[in-house]
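Output the structure for:
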Amino acid sequence: MTVKVSAGPPARPADRARAKALQALQADELSRIRDGAVAWRNGLGALLAGLLGFSLIKGRSDVSQVRPSYAIAVGLLLLAALIVGGIAAAFVMRAAHGRPCSTALPGADVPNPITAARQNEAELSERALSWGVRLVFGCVALLTPAVAVTWYGPVKEKPRIEVQLIDSSRWCGEAVSVANGWMTLKTGNGKIPIDLTKAVSVTASDACPT
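Residues are numbered from 1 along each chain as shown. A predicted model of the protein is given here:
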């Protein structure tokens, strides 16, 4: 089977104008993506800064104020957010400023190596920006529950005081006040005043016996 190839119709002015427009669009593509990546970098940075600033407005500022299990959860969320945020920053910086290495040259069979290299770099920058944006929102998704647990997690219980009196009775609770030889304990039955002059022992305990 023989295939004959013949020249097509001559290019019209509209065809030449379209070809020039496409060529100009491809030539400007890398700079447009880089400019967009810089704008995204600034916007995403402002978003993270606003979230961190909002977390300092109210609520607990010390994770040690919540129960140990919740504090561990907050620590793991913050660690994951730090890792994801660092990778996101690397992707966004890659998209905005390129790689810190020399450009890989295309093969000898490429008709226009400069255009091909620019097009390849534009595609890599676009892909890096896309992943960077996704990971930044993933970082926000990890920071939000960390802040919420710090604010609304159960409060760490204060140490309990156990007092044994000379009549062999025992009282345990949270110390509210100590004055004039009397200690007020907050127990499950309410606030109990205890005469310390009749105390045999006063010890600290993590939790009161049931």
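
So Val133 is in contact with Arg41, correct?
No. If you go by Cβ atoms under 8 Å, Val133 and Arg41 don't touch, sitting 9.9 Å apart. Quick note: C-beta positions are derived from backbone N, CA and C, even for glycine.

wait, what's in contact with Val202?
Shown here is Val202, whose contacts under the criterion Cβ atoms under 8 Å, 6 or more residues apart in numbering are Ile161, Glu162, Val163, Met183, Leu196.

Likewise for Cys139?
Cys139 sits next to Leu48, Ala81, Val84, Gly85, Ala88 when contact means Cβ under 8 Å, 6+ apart.

shared neighbours, Val133 and Arg41?
Jointly contacting Val133 and Arg41 under the rule Cβ under 8 Å, 6+ apart are Val92.

Listing request: residues of this structure with sub-threshold pLDDT.
Scanning the chain for pLDDT under 70 picks out 1, 3, 5-8, 11-30, 51-63, 100-116, 210.

could you redo the last one with a cut-off of 80?
Along the chain, segments meeting pLDDT under 80 span 1-37, 39-41, 43-65, 97-122, 154-159, 161, 175-176, 187-189, 204-210.

Domains in it, by residue range?
Using automatic domain parsing, the domain ranges for the chain come out as 19-101+110-152, 160-205.

residue boundaries of the helices in the protein?
In the chain, the segments counted as helices under DSSP state H are 13-27, 29-55, 68-97, 113-152.

For these, give me JSON lines that also has distance to Ser168.
Putting those into JSON lines (distance: least, Cβ to Cβ, whole Å) gives the following:
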{"stretch": "helix 13-27", "distance to Ser168": "92"}
{"stretch": "helix 29-55", "distance to Ser168": "51"}
{"stretch": "helix 68-97", "distance to Ser168": "34"}
{"stretch": "helix 113-152", "distance to Ser168": "42"}
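
Ala204 is nearest to which of the ones you listed?
Nearest of the helices of the chain to Ala204, taken as Cβ to Cβ: helix 68-97 at 17.4 Å.

Show me what counts as buried in that closest one.
Across helix 68-97, burial judged by 16 or more other Cβ atoms under 10 Å covers 70-71, 73-74, 77-78, 80-81, 84-85, 87-89, 91-96.

That helix to helix 29-55, inter-axis angle?
Going by axes from the mean of the first three to the mean of the last three Cα atoms, to 10 degrees, helix 68-97 is angled at 150 degrees with respect to helix 29-55.

and helix 68-97, what does it pack onto?
Counting contacts by 3 or more Cβ pairs under 8 Å, 6 or more residues apart in numbering; DSSP states H and E, helix 68-97 is packed against helix 29-55, helix 113-152.

deepest of those helices, which one?
Ranked by mean neighbour count, the helices and strands packed on helix 68-97 are led by helix 113-152 with a mean of 17 (mean count of other Cβ atoms under 10 Å).

If you compare the directions of that helix and helix 29-55, what angle comes out?
Angle, helix 113-152 to helix 29-55, by the same axes, to 10 degrees: 10 degrees.

mind listing what the longest strand along the chain pairs with, with the direction of each?
When the chain is scanned for its longest strand (criterion: DSSP state E), the result is strand 170-179. Sheet pairing of strand 170-179 (DSSP bridges) gives strand 160-165 (antiparallel), strand 182-187 (antiparallel).

in the first one, what's buried?
It stands for strand 160-165. Going by neighbour count (16+ other Cβ under 10 Å), the buried part of strand 160-165 is Arg160, Ile161, Glu162, Val163, Gln164, Leu165.
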